[in-house]
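*Asks:* sequence plus predicted model, see below.
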Amino acid sequence: MTTDTYEQQPSGAPPRQLIHHSQFPFAPAVKSQTFGRIALSGPSGSGKTPVALKIAAALGGRIGMIETAHGQAAQYADEVDFEVCPPLTFCSPEVLVAALADCAARGYATVVIDSFSLFWSGNGGVRDQADDASQSAGDSKAGWREVRPRERRMMDALFNYPGHVIVTLRSKTHYLPETDEQGRNFVRRLGGKPEARDGIEYEFQITAALEADHTLVVTKALGTALASATVHRSGEEFGDKIRAWLEAGAPMTPPEPVEALILRVMSPDISFEELGAVRETVRRRYLEDLQVPGDDGQPVPINTYINNRGRVMQQQAAQDAHATTSA
């Protein structure tokens, strides 16, 4: 059966009529501006933190750092302007989701997570939680089945952040004996596999490995201008290239600022239907744990605030309806 559905063709070509009813709305691909998702791995001392901060500076706007490295990032405050929260000692997926929501409310253009590895293998991290769940269930597979949705939610919150995100990943150090041109023996320190879930590199647009001599090697890049690049003592110049690639293409429609969402939720004029729509936006953007002032002035999660206000509005509507019926 022929339908009146037409398929778009490249510029200048007439539309082609389909002879079937398409369930999938294919259209010409268009490169659009996008937020950066960048992962830097390397051994201790390879320069992951300063490189991440310098790339963030090149991307522009305010920088917020979620730190797990005992306050060491502040040593680079004379090189890059950024804001940092107190170092996290409990690195659960839930903590990172809440921290990202707080960063979104503060309006940081770029968030640096240093080190993201601890949300995998640190205190309270994914592996910690999986081990605890496995012991409770007496089954290692059951433990991972319980924790995988938490890990996925953490990754979804990271990739839904309304700005750029740069993460650093620790890698195991390998030592390679070599001989220089004068015949002298020395040991080269190399970075190995990142301390993270297998396949983590597939999640990011750009991944790069830093070596002990501060050489950066791009191991994956969606932009051909960045692919396989090797940069010695990389910093803002490399960040400028990343920014040029991210900003090339059709203009991006920025998401509604989190502050505007909060003001809408707390508006005395919001309707019950509008409140429900905002709740769905909050959930879709993983902002449920964001703290807002409650009716008593004490902070409560925005999701709790919305639910409480919704119940009050329903009760008021029921009372109004009863009063109207009684009259």
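*Replies:* Everything's here; your move. Numbers count the residues shown, from 1 in each chain.
*Asks:* only C-alpha atoms for contact and neighbour calcs from this point on.
*Replies:* Will do.
*Asks:* quick one: the helices in the protein, in order.
*Replies:* Using DSSP state H, the helices of the chain run over 48-59, 93-106, 118-121, 126-137, 140-159, 236-247, 258-266, 272-284, 302-326.
*Asks:* chain center to the shortest one, what's the gap?
*Replies:* Distance of helix 118-121 from the chain centroid (Cα atoms, centre = their mean, to the nearest Å) equals 15 Å.
*Asks:* what residues of that helix count as buried?
*Replies:* 118-121 (16 or more other Cα atoms under 10 Å).
*Asks:* what helices or strands is it leaning on?
*Replies:* helix 126-137 (3 or more Cα pairs under 8 Å, 6 or more residues apart in numbering; DSSP states H and E).
*Asks:* which other helices and strands contact the helix it packs on?
*Replies:* helix 118-121, helix 140-159.
*Asks:* out of the buried residues of helix 118-121, flag the one nearest to His70.
*Replies:* Leu118 (12.1 Å; Cα to Cα).
*Asks:* distance check, Phe274 against Ala318.
*Replies:* If you look again at residue 274, you'll see it is Glu, not Phe. Taking Cα to Cα, to the nearest Å as the measure, Glu274 and Ala318 are separated by 18 Å.
*Asks:* my guess is Pro50 meets Tyr76, correct?
*Replies:* Yes - assessed by Cα atoms under 8 Å, Pro50 is found in contact with Tyr76 at 6.7 Å.
*Asks:* who has more neighbours, those two?
*Replies:* Neighbours of Pro50 and Tyr76, each counted by other Cα atoms under 10 Å, are more numerous for Pro50; the result is 19 against 14.
*Asks:* where does pLDDT dip in the stretch 101-250 of the chain?
*Replies:* 173-180, 182, 184-192, 234 (pLDDT under 70).
*Asks:* try 80
*Replies:* 140, 172-192, 223-225, 228-229, 232-236 (pLDDT under 80).
*Asks:* mind listing what Ala105 touches?
*Replies:* Counting by Cα atoms under 8 Å, 6 or more residues apart in numbering, Ala105 touches 257-259.
*Asks:* which one of the residues you listed is nearest to Val126?
*Replies:* Val258 (27.5 Å).
*Asks:* need the nearest residue in space to that closest one, chain neighbours excluded.
*Replies:* If the residues on either side of it in the chain are set aside, Val258 comes closest to Ala105, at 5.0 Å by Cα to Cα, 6 or more residues apart in numbering.
*Asks:* got it, and Ala142?
*Replies:* In space, and not counting its chain neighbours, Ala142 is closest to Ser134: 6.1 Å by Cα to Cα, 6+ apart.
*Asks:* now do the one you found against Trp245, distance only.
*Replies:* Distance, Ser134 to Trp245, using Cα to Cα: 44 Å.
*Asks:* wait, Phe204 touches Phe35, no?
*Replies:* No - the pair Phe204 / Phe35 is not scored as a contact, 11.1 Å apart, by Cα under 8 Å.
*Asks:* so which of the two has more stuff around it?
*Replies:* For Phe204 versus Phe35, neighbours defined as other Cα under 10 Å are more numerous around Phe35 (21 against 18).
*Asks:* rewinding a little: just give the number of residues close to the residue nearest to Ala142.
*Replies:* Neighbours of Ser134 using other Cα under 10 Å come to 19.
*Asks:* tell me the contacts of it?
*Replies:* Per Cα under 8 Å, 6+ apart, neighbours of Ser134: 140-144.
*Asks:* what two of these are the furthest from one another?
*Replies:* The span of the contacts of Ser134, defined through Cα to Cα, is set by Ser140 and Trp144 at 6.6 Å.
*Asks:* so how far is stretch 86-105 off the chain centroid?
*Replies:* Its chain's C-alpha centre and that of stretch 86-105 lie 11 Å apart, by Cα atoms, centre = their mean.
*Asks:* coming back round to it: which of the helices and strands packed on helix 126-137 sits most buried?
*Replies:* Most buried of those by mean neighbour count (mean count of other Cα atoms under 10 Å) is helix 118-121; its value is a mean of 23.
*Asks:* pLDDT of stretch 254-272, averaged?
*Replies:* Stretch 254-272 shows a mean pLDDT of 93.
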